[in-house]
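Chemist: let's see this in three dimensions:
(2 chains)
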Protein chains: 2
Amino acid sequence: MKIGVLGTGMVGNSVGSKLVSLGHEVKMGSRTVNNEKAAAWVAQAGERASQGTFADAASFGDIVFNCTAGAGTIAALELAGTNNLARKILVDIANPLDFSKGFPPSLSVCNTDSLGEQVQKLLPDTKVVKTLNTMNTYIMMDPARVPGDHDVFMCGNDGEAKAQVAKILREWLGWKHVIDLGDITQARGTEMFLPLWVRLYGALQTADFNIHVVRAPAAT
Amino acid sequence: MKIGVLGTGMVGNSVGSKLVSLGHEVKMGSRTVNNEKAAAWVAQAGERASQGTFADAASFGDIVFNCTAGAGTIAALELAGTNNLARKILVDIANPLDFSKGFPPSLSVCNTDSLGEQVQKLLPDTKVVKTLNTMNTYIMMDPARVPGDHDVFMCGNDGEAKAQVAKILREWLGWKHVIDLGDITQARGTEMFLPLWVRLYGALQTADFNIHVVRAPAAT
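Modeler: Predicted coordinates for the structure are as follows:
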């Protein structure tokens, strides 16, 4: 499959490399056609990897992963272009973290709105599926590095798009537990988990963790 | 021990009954000295249970549990009285859930402040420990109803108070995993988990769940 990856940071690198390793053709998009970080990634990721502008990557992909930092997501998607993303699935991994006052970050949008909703509003003809935004990028792409049961959340307005993303999560990446929370407004829930995530990162002194939702047995 | 419980709802009932069952004397506080819900609780909880105003319960307790709804917490604590709570541990279980626009609720305070911090500011001489606010009240008081490993978070400014509350969580209630997140500002993290909790409640069609933080093995 042809896949566009928007963003050249840790998440874009890790997502792009994983998808290339699975045999897909991946174009990494950034503000400029000759971004140095994208070029370095292409050099190490091999022949199925390429780079271009946000618009190039969006146009290239049959499916597109938003791996930009939350603070730059809307600007990046505007550059990617509504038409280039129309009718496609956009897997939105970004979180609206605001580091302007240091660590821990606050959220630039939350509570009665979310970045996922803002993305869906910006791209009404795109099937936005918010997922993978509640754990570090190494666990996203390799859930087996955390032992036992743990979960990934997913939300979006299009049922078929979510079914396809769930298949990607399970069959490509190896996620065992995919919890569908409902429509894109549920992104408020997963994005607002980040303030707890960053505090767990501080308390545990590692980012290498995920959460598992453990249920009580049903009453009989 | 003498314990004050502020609030007559499901959480106050469940916390009060559990503490009575452990042999403690518990006074349930509300706005009025003869609150009907408190009277019903006293009638079923037995001779170690009593009721009174918020001030009566705060004055009675060697330790006090805030089990009020978040929307009424500050007003309840003002009635409880700064002096009645001075130098005591206040176990703050409340969440700032705003149901004014229906379900799912938003938060009345979040992101750059929290209810836990507002409570600590209101009661500077009280040792506020925020905990037990991330699961339903039956699991709070009986973590064994959820099988296997799952966690409770705790934060507050006073280390000795947190050590005492951790002992209560472990030895009185049976919590196996108590994660100390740090000072009271970390309440932003646990309170902002609630928007995800309410969505999990919707998706799973049960409130009988909790989360476990699962770590990857340390790199060798």
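Chemist: specify the local secondary structure of A:Leu90.
Modeler: strand (DSSP: H, G, I helix; E, B strand; the rest coil).
Chemist: tell me how far it lies from chain B.
Modeler: 21 Å (CB to the nearest CB, to the nearest Å). Every C-beta, even on glycine, is put in place using the N, C-alpha and C of the backbone.
Chemist: just A:Arg145 next, same as before
Modeler: A:Arg145 is 5 Å from chain B, by CB to the nearest CB.
Chemist: neighbouring strands for the helix or strand hosting A:Gly29, and are they parallel or not?
Modeler: Using DSSP states H and E, A:Gly29 sits within strand A:25-30. Applying DSSP bridges, strand A:25-30 is found paired with strand A:2-6 (parallel), strand A:49-53 (parallel).
Chemist: for chain A, which spans come out with low pLDDT?
Modeler: For chain A, applying pLDDT under 70 flags the ranges A:219-220.
Chemist: now the helices for it?
Modeler: A:10-21, A:36-45, A:54-60, A:70-80, A:82-85, A:115-122, A:137-141, A:159-167, A:187-191, A:194-204 (DSSP state H).
Chemist: related to what we said a few turns ago, could you dump the strands paired with strand A:25-30 to JSON lines with mean neighbour count?
Modeler: Output for the strands paired with strand A:25-30, formatted as JSON lines (neighbours: other CB atoms under 10 Å in any protein chain shown):
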{"stretch": "strand A:2-6", "mean neighbour count": "26"}
{"stretch": "strand A:49-53", "mean neighbour count": "21"}
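Chemist: compare those strands and report which one is nearest to B:Thr206.
Modeler: Closest of these to B:Thr206 is strand A:2-6, at 36.5 Å (criterion: CB to CB).
Chemist: what's the angle from the closest one to helix A:70-80?
Modeler: 130 degrees (axes from the mean of the first three to the mean of the last three CA atoms, to 10 degrees).
Chemist: identify the residues contacting strand A:2-6?
Modeler: Contacting residues not belonging to strand A:2-6 are listed as A:12, A:15-16, A:19, A:24-30, A:54, A:57-68, A:76-77, A:80 [CB atoms under 8 Å, 6 or more residues apart in numbering or on different chains].
Chemist: do the same with stretch A:17-28
Modeler: Here stretch A:17-28 has contacts from A:1-5, A:7-8, A:12, A:16, A:38, A:41-42, A:44-46, A:48-52, A:56-57, A:60-61, A:65, A:141-142, A:172-173, using CB under 8 Å, 6+ apart.
Chemist: any chance of a ChimeraX selection covering the buried ones in the residues you listed?
Modeler: Of the contacts of stretch A:17-28, the buried ones go into a single ChimeraX selection, burial set by 16 or more other CB atoms under 10 Å in any protein chain shown:
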select /A:3,4,5,7,8,12,16,38,41,42,45,48,49,50,51,52,56,57,60,61,65,141,173
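Chemist: hmm, back to that, turn the strands paired with strand A:25-30 into a markdown table, columns for distance to A:Asp180.
Modeler: Below are the strands paired with strand A:25-30 laid out as a markdown table (distance: least, CB to CB, whole Å):
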| stretch | distance to A:Asp180 |
| --- | --- |
| strand A:2-6 | 22 |
| strand A:49-53 | 31 |
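Chemist: quick one: closest of these to A:Arg87.
Modeler: Of all the strands paired with strand A:25-30, strand A:2-6 comes closest under CB to CB, at 13.8 Å.
Chemist: relative to the whole chain's centre, how far out is that closest one?
Modeler: In terms of CA atoms, centre = their mean, to the nearest Å, the centre of strand A:2-6 is set 12 Å apart from its chain centre.
Chemist: what's the closest of the strands paired with strand A:25-30 to B:Gln118?
Modeler: So among the strands paired with strand A:25-30, strand A:2-6 is nearest, using CB to CB, at 39.1 Å.
Chemist: using CSV, list the CA coordinates for that closest one.
Modeler: Only the C-alpha atoms of strand A:2-6 are listed here, as CSV (Å, rounded to 0.1, in the frame of the first residue of the first chain):
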residue,chain,number,x,y,z
LYS,A,2,1.1,3.6,-0.5
ILE,A,3,1.1,5.5,2.7
GLY,A,4,1.7,9.1,3.6
VAL,A,5,3.3,10.1,6.9
LEU,A,6,3.0,13.7,7.9
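Chemist: now stretch A:64-84, how far from the centre of its chain.
Modeler: 11 Å.
Chemist: buried deepest among the helices of chain A, which one?
Modeler: Greatest average neighbour count among those goes to helix A:187-191 (a mean of 28), per mean count of other CB atoms under 10 Å in any protein chain shown.
Chemist: show me the contacts for the residue nearest the centre of chain A.
Modeler: Central residue of chain A (CA atoms, centre = their mean): A:Ile93, 1.9 Å from the mean position. Counting by CB under 8 Å, 6+ apart, A:Ile93 makes contact with A:11, A:15, A:65-67, A:131-133, A:140.
Chemist: looking at those, which one is closest to chain B?
Modeler: Relative to chain B, the closest of those is A:Asn133; by CB to the nearest CB it sits at 11.3 Å.
Chemist: tally of neighbours for the closest one?
Modeler: 26 (other CB atoms under 10 Å in any protein chain shown).
Chemist: my guess is it contacts A:Asp92, does it?
Modeler: Yes - at 7.5 Å, A:Asn133 and A:Asp92 qualify as touching, with contact defined as CB atoms under 8 Å.
Chemist: on that earlier part again, spatially nearest residue to the residue nearest to the centre of chain A, not counting backbone neighbours?
Modeler: For A:Ile93, ignoring the flanking residues on the chain, the nearest one in space by CB to CB, 6 or more residues apart in numbering or on different chains is A:Leu132 at 4.8 Å.
Chemist: surely the one you found meets A:Val152?
Modeler: Yes - in this structure, A:Leu132 is within contact of A:Val152 by CB under 8 Å, at 6.2 Å.
Chemist: which of the strands paired with strand A:25-30 sits closest to A:Thr206?
Modeler: strand A:2-6 (26.0 Å).
Chemist: got the angle for the closest one vs helix A:36-45?
Modeler: Using the same axes, to 10 degrees: strand A:2-6 against helix A:36-45 is 140 degrees.
Chemist: next, the angle from strand A:2-6 to helix A:10-21.
Modeler: Strand A:2-6 runs at 170 degrees relative to helix A:10-21, counting by the same axes, to 10 degrees.
Chemist: B:Asp98: which of the helices of chain A is closest?
Modeler: Per CB to CB, nearest to B:Asp98 of the helices of chain A: helix A:187-191, 13.0 Å.
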